[in-house]
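S.K.: I'll drop the sequence and a predicted model, then ask my questions.
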Amino acid sequence: MSKKTSIGAKGFHPFGDLIGLKFTKFGNGDSQCVLDVVEKLMNPHKTLHGGVLYSMADTGMGGALYSLLEKDELCATVEIKITYFKPVREGNLICDTTVIHKGKSLGILESNILNNGTLVSKAYGTFSIFKVRKSSIKD
C-alpha cells in the first residue's frame with residue numbers, strides 16, 4: 001500500500017466505497033469519516049445494521065493510526081469493543097477517532113459515532129503495528 005495514496009481517494013478502501021464511507025479528516029493521529037444512512041444498510045428491523053457502525057469505527061481507527069505510521073509500517077485490528085447507545089434509522093453519521101496511545105507494536109484508539117449530532121456508539125480498539133518487507137512497499 002502506498003503512503004502517497006490519498007486516504008479519501010476512490011479505490012483506496014473498496015469496502016468503504018461499498019457502504020458509502022468517506023474520510024473528511026485524516027492526520028496527526030485523528031480521523032473523521034462520514035456516512036449517509038440508506039436503506040441498503042438497514043437490518044430487518046429497519047434500523048441501521050450494527051456492523052455498519054462497527055465498520056466506521058474500525059476504518060476510522062485504521063485511518064487515525066495510519067496517519068502516525070512510518071513508511072515501512074502497517075497496522076491491523078487486534079480487537080474492538082463497541083457499545084451501541086441508540087438505534088439509527090435515518091440521517092448521517094460522523095465517526096471521530098483519536099489515537100490514545102501509539103507504542104512500537106500496539107496502538108490504542110477511541111471512536112465516537114454521532115447520528116445527526118447525537119452520540120449513538122462508542123468504540124475502543126487495539127491495533128497491531130508491524131514492519132513490512134521492503135519488497136512490499138511501493139512509492
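M.R.: Good, I have the coordinates. Numbers count the residues shown, from 1 in each chain.

S.K.: where does pLDDT dip in the chain?
M.R.: Within the chain, the stretches with pLDDT under 70 are 1-11, 135-139.

S.K.: how about the strands of it, start to end?
M.R.: When assigned using DSSP state E, the strands of the chain occupy the ranges 22-27, 30-36, 73-84, 92-102, 106-115, 118-131.

S.K.: got the contact list for the fifth one?
M.R.: Taking CB atoms under 8 Å, 6 or more residues apart in numbering as the criterion, the residues outside strand 106-115 that touch it are 37, 53, 56-57, 60-61, 64-65, 68, 75, 78, 86, 88, 91-102, 119-129. C-beta coordinates here come from the backbone N, C-alpha and C atoms, glycine included.

S.K.: restrict it to CA atoms and write it as PDB.
M.R.: Extracted as PDB, the C-alpha positions of strand 106-115 are listed here (Å, rounded to 0.1, in the frame of the first residue of the first chain):
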ATOM      1  CA  LEU A 106       0.400  -1.600  19.500                       C
ATOM      2  CA  GLY A 107      -1.900   1.400  19.100                       C
ATOM      3  CA  ILE A 108      -5.000   2.100  21.300                       C
ATOM      4  CA  LEU A 109      -7.800   4.200  19.800                       C
ATOM      5  CA  GLU A 110     -11.200   5.600  20.600                       C
ATOM      6  CA  SER A 111     -14.100   6.400  18.200                       C
ATOM      7  CA  ASN A 112     -17.300   8.300  18.900                       C
ATOM      8  CA  ILE A 113     -20.100   7.900  16.300                       C
ATOM      9  CA  LEU A 114     -22.800  10.600  16.100                       C
ATOM     10  CA  ASN A 115     -26.100  10.400  14.200                       C
END
